[in-house]
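*Asks:* from the sequence below, what's the structure:
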Amino acid sequence: MHGFKLLDRFKSTQVHALSPQDSNPCSRGKLSKCKFTNTGSVAQALLPCGLPTTELLEPSIDSYLKPLDYVESLAEIYRRLKTCSQTDKSLLCIEQFSILRGLGDPKLLRRCLCAARQYAIDVHSKVVLSAWLRFERREDEFIGVSSKDCSGYILECPMAALVSGYDPNSIYDHCQCGQDNLEAVDNQILMGNEGSSLEEDSDVSFCIGDELVHCVRFKIASLSSPFKAMLYGSFVESRRDKIDFSKIGISVKGMRSVQVYSRTGRVDLFCPEIVLELLSFANRFCCEELKCVCDAHLASLVCGTEDALILIDHGLEERANLLVASCLQVFLRELPNSLYNHKVMSVFCNSEARERLAMLGHASFLLYYFLSQVAMEENMASNAAVMLLEGLEEFATEKWQKALALHQLGCVMLERKEYKGAQFYFEAAVEAGHVYSLAGVARTKYKQGQQYSAFRLMNSLIFKHKPVGWMYQERSLYGVGQEKIRDMNTATELDPTLSFPYKFRAVMKVEEKQIRAAITEIDKIIGFKLSPDCLELRAWFFIALEDFESALRDIRALLTLEPKYMMFHGRVSGDHLVELLSHRIRLWSLADCWMQLYERWSSVDDIGSLAVLHQMLSNDPAKSLLWFRQSLLLLR
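*Replies:* Got it, this is the predicted structure:
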């Protein structure tokens, strides 16, 4: 179940992400060498970096569209969906997806992507959306699963995505993958038969060097208008039995394949190199039917990244739409691994390659939206994220698209601590109509030492618009004393789902030596919104109280949600801390674990149940029943 995308995997919400990593010189190495000599020093040894302070706490700027009024925005999209044409519905569903991201419900988001795929008409959109749906299910995390594997439904089928056209009901049908409708053909027999009839039928020969390729004139003429004009028009070739093709750029094998195709209408008899030669030949002589057949056949041959990297250049060179789409599909269905292949990234980030993609209709806002989201999830501050977001801005055509691209560029620059660049993009997003980007402008000013200017900006925003929780939360960062606390409390009243005010008040109580009161405060948000950052904070508090059993429970539950979570400002892995804490408490036997699981399950203690299951799975990872129980808890 860790493969499910739970609230975008809570990215950028870790406590260490909110605190400078150089605030304390402690390291994992020092922690692992700690020796517990007496009870009084245990908590101090387990908290080498100390507890967070209110001065270091800071909420992240959300990297998605955030309207002032969700209800009105969603209602407007619903009205447009009911009145727009079929061709516009797919992109409207993506706009709906962009707004719903702020609610953090994976089911709603997947429903939007499914609807966008349902209404997609062109091959490019189908390829991107099918890959996106596959990525959301995190199939890349299953061992032994190929990018070309199909779930059995047309919705995510890689072959169905390469078929152009719109059939809204077909997405609920099973696909035809695995069914080979072509009859088996013995190539040698077929070629032999063709050879035996050559002398009888041929009435024109093409000379390539010293070789002659015998063909049927009217069959070659039927391949395209240029050939028809050449062989039956006023050109001298129409009166010749032998035509020199030595300088055309086709080999003898290639020309023989042309004559076989002219008789059979098939290219699956030839090796890929010959089919590529036929594709180039078809483009040179405007043989549209031959080009389509070669394009479709080559597209079916793309099985992995290496194939795609070789064939996409030929596809772009020969303007083979399906071949390029098939290559892109492999890259997209192998995300996020594709992000770490510089050859793949050059296809999307190189300006020349991007222009070639655009010429074929394979460079779009939709493509770069998907790519940039994956890149930001992998590493918010990466160069890949910046380059892909620049592509997203380049292909944005509508106002909301421009606002989204600029806002996300601002978020990435803020993460990279390039504050002037971040301010520029946030201000541009505000000009595009995204009011929430003003929070980003204020934050960048604050980071550049302009605290009063940031406060004044948020203050004017509150007076101009209907107050929303995030406005007061952001203004609280720039206030002092009781004014800061009042803004925090107002933010909670307007939007109880904002976790930062709870964390701030909890840490403030810790600074006042009221650790139990701090736990009570953080419990308020954990009670209805389970997130790793809040669990980590509560685990810190429990360690400070030397309640190691409760701390271990929270850390185990946290690792269920985020298996690779790093504690203590990103310096200590959660698994390592579990190992250290396990030495401080009595470990449960298998019977004890089942009893504890029964008690917690019966009392609807989800966190306790997740913690027990985490311990049981660490001892018996092959127990499918335990994984099933864990999945039920995570879905709940």
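*Asks:* in space, not sequence, find me the middle residue of the protein.
*Replies:* The residue lying closest to the centre of the chain (C-alpha atoms, centre = their mean) is V374, at 3.2 Å.
*Asks:* would you put the C-alpha positions of the helix or strand containing it in PDB?
*Replies:* V374 belongs to helix 365-378 when assigned by DSSP states H and E. C-alpha atoms of helix 365-378 as PDB (Å, rounded to 0.1, in the frame of the first residue of the first chain):
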ATOM      1  CA  PHE A 365       1.100  21.800 -21.800                       C
ATOM      2  CA  LEU A 366      -0.400  18.500 -20.800                       C
ATOM      3  CA  LEU A 367       2.900  16.700 -21.400                       C
ATOM      4  CA  TYR A 368       5.000  19.200 -19.400                       C
ATOM      5  CA  TYR A 369       2.400  19.300 -16.700                       C
ATOM      6  CA  PHE A 370       2.800  15.600 -16.100                       C
ATOM      7  CA  LEU A 371       6.600  15.700 -16.300                       C
ATOM      8  CA  SER A 372       7.000  18.700 -14.000                       C
ATOM      9  CA  GLN A 373       4.800  17.200 -11.300                       C
ATOM     10  CA  VAL A 374       6.900  14.100 -11.300                       C
ATOM     11  CA  ALA A 375      10.100  16.000 -11.200                       C
ATOM     12  CA  MET A 376       8.900  18.300  -8.300                       C
ATOM     13  CA  GLU A 377       7.800  15.300  -6.400                       C
ATOM     14  CA  GLU A 378      11.100  13.600  -6.800                       C
END
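*Asks:* list the helices and strands whichever helix or strand comes after it packs on?
*Replies:* For helix 365-378, the following helix or strand on the C-terminal side (DSSP H and E) is helix 383-394. In terms of contacts (3 or more C-beta pairs under 8 Å, 6 or more residues apart in numbering; DSSP states H and E), helix 383-394 is packed against helix 342-349, helix 365-378, helix 399-415. All C-beta atoms are positioned from the backbone trio N, CA, C, and that covers glycine.
*Asks:* elements contacting the helix holding V374?
*Replies:* Using 3+ C-beta pairs under 8 Å, 6+ apart, helix 365-378 sits against helix 86-100, helix 123-136, helix 321-333, helix 342-349, helix 383-394, helix 399-415.
*Asks:* number of nearby residues for L561?
*Replies:* 20 (other C-beta atoms under 10 Å).
*Asks:* okay, now the residue lying closest to it once chain neighbours are set aside: neighbour count?
*Replies:* Nearest residue to L561 in three dimensions, chain neighbours excluded: P532, at 5.3 Å (C-beta to C-beta, 6 or more residues apart in numbering). Neighbour count of P532, defined by other C-beta under 10 Å: 24.
*Asks:* wait, P532 sits on Y565?
*Replies:* Yes: with contact defined as C-beta atoms under 8 Å, P532 reaches Y565; the gap is 5.7 Å.
*Asks:* tell me which helix or strand of the chain sits lowest on mean pLDDT?
*Replies:* helix 28-32 (a mean of 35; mean pLDDT, DSSP states H and E).
*Asks:* could you find the closest non-adjacent residue to M458?
*Replies:* R475 (3.9 Å).
*Asks:* and the host helix or strand of the one you found, how far out from the chain middle?
*Replies:* Using DSSP H and E, R475 sits in helix 469-476. Centroid separation between helix 469-476 and its chain, computed with C-alpha atoms, centre = their mean, to the nearest Å, is 30 Å.
*Asks:* what's in contact with that helix?
*Replies:* Contacts to helix 469-476, defined as C-beta atoms under 8 Å, 6 or more residues apart in numbering, come from residues 59, 66, 436, 439, 442-443, 455, 458-459, 461-462, 465, 484-485, 487-488, 490-495, 498, 500-501, 504.
*Asks:* try 7 Å this time
*Replies:* Outside helix 469-476, the residues that touch it by C-beta atoms under 7 Å, 6 or more residues apart in numbering are 59, 439, 442, 455, 458-459, 461-462, 484, 487-488, 490-491, 494-495, 498, 500-501.
*Asks:* in ChimeraX, how would I select just the buried ones from those?
*Replies:* Selecting just the buried residues from the contacts of helix 469-476 in ChimeraX takes one command, with 16 or more other C-beta atoms under 10 Å as the test:
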select :59,439,442,455,458,461,462,484,487,488,490,491,494,498,500,501
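*Asks:* just the ones in helices from the contacts of helix 469-476, please.
*Replies:* Among those, the members found in helices (DSSP state H) are 439, 442, 455, 458-459, 461-462, 484, 487-488, 490-491, 494, 500-501.
*Asks:* buried residues in stretch 210-218?
*Replies:* Residues of stretch 210-218 classed as buried: V213, C215, V216, R217 (neighbour count, 16+ other C-beta under 10 Å).
*Asks:* returning to what we had before: between the helix holding V374 and helix 321-333, how big is the angle?
*Replies:* In terms of direction (axes from the mean of the first three to the mean of the last three C-alpha atoms, to 10 degrees), helix 365-378 departs from helix 321-333 by 20 degrees.
*Asks:* which stretches in the stretch 201-350 of the chain count as strands?
*Replies:* Secondary structure of the stretch 201-350 of the chain (DSSP state E, counting those that start in this stretch): strands at 204-208, 211-215, 242-244.
*Asks:* returning to that earlier point: of all the helices and strands packed on helix 365-378, which one comes closest to S224?
*Replies:* Closest approach to S224 among those (C-beta to C-beta): helix 321-333, 18.3 Å.
*Asks:* restricting to C-alpha, output that closest one in CSV.
*Replies:* Extracted in CSV, the C-alpha atoms of helix 321-333 (Å, rounded to 0.1, in the frame of the first residue of the first chain):
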residue,chain,number,x,y,z
ASN,A,321,3.6,10.6,-35.5
LEU,A,322,2.8,7.1,-34.0
LEU,A,323,6.4,6.2,-33.7
VAL,A,324,7.2,9.3,-31.7
ALA,A,325,4.1,8.8,-29.6
SER,A,326,5.1,5.2,-28.8
CYS,A,327,8.6,6.3,-27.8
LEU,A,328,7.2,9.1,-25.6
GLN,A,329,4.9,6.6,-24.1
VAL,A,330,7.8,4.4,-22.9
PHE,A,331,9.6,7.4,-21.4
LEU,A,332,6.4,8.5,-19.6
ARG,A,333,5.5,5.0,-18.4
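*Asks:* number the chain from 59, please
*Replies:* With 59 as the first residue, the last one maps to helix 379-391.
*Asks:* list of residues touching that helix?
*Replies:* Residues from elsewhere that reach helix 379-391 (C-beta under 7 Å, 6+ apart): 181-182, 185-186, 189, 192, 205, 216, 219-220, 353-354, 356-357, 360, 362-363, 366, 369-370, 373-374, 396, 402, 418, 420, 428.
*Asks:* buried ones among those residues?
*Replies:* Looks like the contacts of helix 379-391 have 181-182, 185-186, 189, 192, 205, 216, 219-220, 353-354, 356-357, 360, 363, 366, 369-370, 373-374, 396, 402, 418, 420, 428 buried, using 16+ other C-beta under 10 Å.
*Asks:* these two touch, right, E594 and M625?
*Replies:* Yes: with contacts counted by C-beta atoms under 7 Å, E594 reaches M625, the gap being 6.2 Å.
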